[in-house]
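1. Kindly generate the corresponding structure for this input.
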Amino acid sequence: RARLQSLASELARLAEQLGALSEEGRGDETGPALADRSHAYQAEEPLDRIAARPPSAQRVRHLIAMRRLRDRYFPSDLFADPAWDILLDLTASRLEKKPVSVSSLCIAAAVPPTTALRWVRMMTDQGLLERRADPADARRMFVDLSDAAYANVCGWFALVEQRGGLGV
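-> Just a heads-up that it's a prediction; the model follows:
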């Protein structure tokens with residue numbers, strides 16, 4: 001019984017400390033409490049943004065192939081990054097001047113089709129992707145990178161190259 005009372009006292013003390021932290025987290029009376037703060041991370045705008053020359057389609061396809069090699073050594077779902085896979089595939093296809101259907105993009109995303117479709121929808125809503133109907137087949141949709149997304153992917157490749165490259 002004494003042990004339970006000791007644990008209850010300790011729990012009450014911890015609750016009091018957490019309450020105090022939450023109040024301190026407000027800063028002022030209008031600021032958000034500690035518990036209300038978002039845990040989202042957002043990368044800083046790069047200070048060393050440089051003029052981007054597009055990479056070759058071969059370079060992009062090589063990076064995609066290197067990413068798929070991980071699946072030989074680790075479970076494929078461990079490194080699921082469908083947004084990046086979609087951006088890379090559409091960049092290579094744009095450089096090759098090849099249209100990409102939604103179904104093809106789902107395969108390139110290397111995740112289940114429902115997951116890939118969710119990412120395509122989200123990225124379209126964010127203005128990274130643009131959907132267009134196939135003029136030859138009304139049942140099929142093509143997906144393109146927006147000009148801004150293409151510029152950002154090219155900028156990433158240029159910055160990586162400036163910092164030593166990918167070794168490909």
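
2. where are the low-confidence patches of the protein?
-> 21-51, 167-168 (pLDDT under 70).

3. Domain boundaries for it, per the record?
-> Listed by automatic domain parsing, the domain ranges of the chain are 2-36, 57-162.

4. Identify, out of these, the most deeply packed stretch.
-> domain 57-162 (a mean of 16; mean count of other C-beta atoms under 10 Å). (C-beta placed from N, C-alpha, C; glycine too.)

5. So which elements touch the helix ranked longest in the chain?
-> Scanning the chain for the longest helix, with DSSP state H as the assignment, gives helix 2-24. Packing contacts for helix 2-24, counted by 3 or more C-beta pairs under 8 Å, 6 or more residues apart in numbering; DSSP states H and E, involve no helix or strand.

6. For the helix or strand encompassing Leu90, which outside residues touch it?
-> Element membership of Leu90, judged by DSSP states H and E, is helix 82-96. With C-beta atoms under 8 Å, 6 or more residues apart in numbering as the test, helix 82-96 has contacts from 54-57, 60-61, 63-64, 67, 99-100, 105, 108-111, 115-116, 119-120, 123, 128-129, 143-145, 149-150, 153-154.

7. can you check stretch 123-136 too?
-> 83, 86-87, 90, 99, 101-102, 120, 140-146, 148-149.

8. Let's see which of these end up in strands.
-> Counting by DSSP state E, these place 140-145 in strands.

9. Let me see the ranges of the helices in this protein.
-> Secondary structure of the chain (DSSP H): helices located at 2-24, 57-69, 82-96, 102-108, 113-125, 147-162.

10. how about the ones you listed in JSON lines, adding distance to Ala136?
-> Shown next, in JSON lines, are the helices of the chain (distance: least, C-beta to C-beta, whole Å):
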{"stretch": "helix 2-24", "distance to Ala136": "60"}
{"stretch": "helix 57-69", "distance to Ala136": "24"}
{"stretch": "helix 82-96", "distance to Ala136": "18"}
{"stretch": "helix 102-108", "distance to Ala136": "15"}
{"stretch": "helix 113-125", "distance to Ala136": "21"}
{"stretch": "helix 147-162", "distance to Ala136": "24"}
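
11. With respect to Ser76, which of those helices lies nearest?
-> Nearest to Ser76 among those is helix 57-69 (8.6 Å), distances taken as C-beta to C-beta.

12. Report the distance from the closest one to the chain centre.
-> 18 Å (C-alpha atoms, centre = their mean, to the nearest Å).

13. just stretch 89-96 next, same as before
-> Worked out by C-alpha atoms, centre = their mean, stretch 89-96 lies 18 Å from the chain centre.

14. got the CA positions of that stretch in PDB?
-> Extracted in PDB, the C-alpha atoms of stretch 89-96 (Å, rounded to 0.1, in the frame of the first residue of the first chain):
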ATOM      1  CA  ASP A  89      10.300   9.200 -63.100                       C
ATOM      2  CA  LEU A  90       8.400  12.300 -64.400                       C
ATOM      3  CA  THR A  91      11.700  14.200 -64.700                       C
ATOM      4  CA  ALA A  92      13.300  11.500 -66.800                       C
ATOM      5  CA  SER A  93      10.200  11.100 -68.900                       C
ATOM      6  CA  ARG A  94      10.100  14.900 -69.500                       C
ATOM      7  CA  LEU A  95      13.700  14.800 -70.600                       C
ATOM      8  CA  GLU A  96      12.900  11.900 -72.900                       C
END
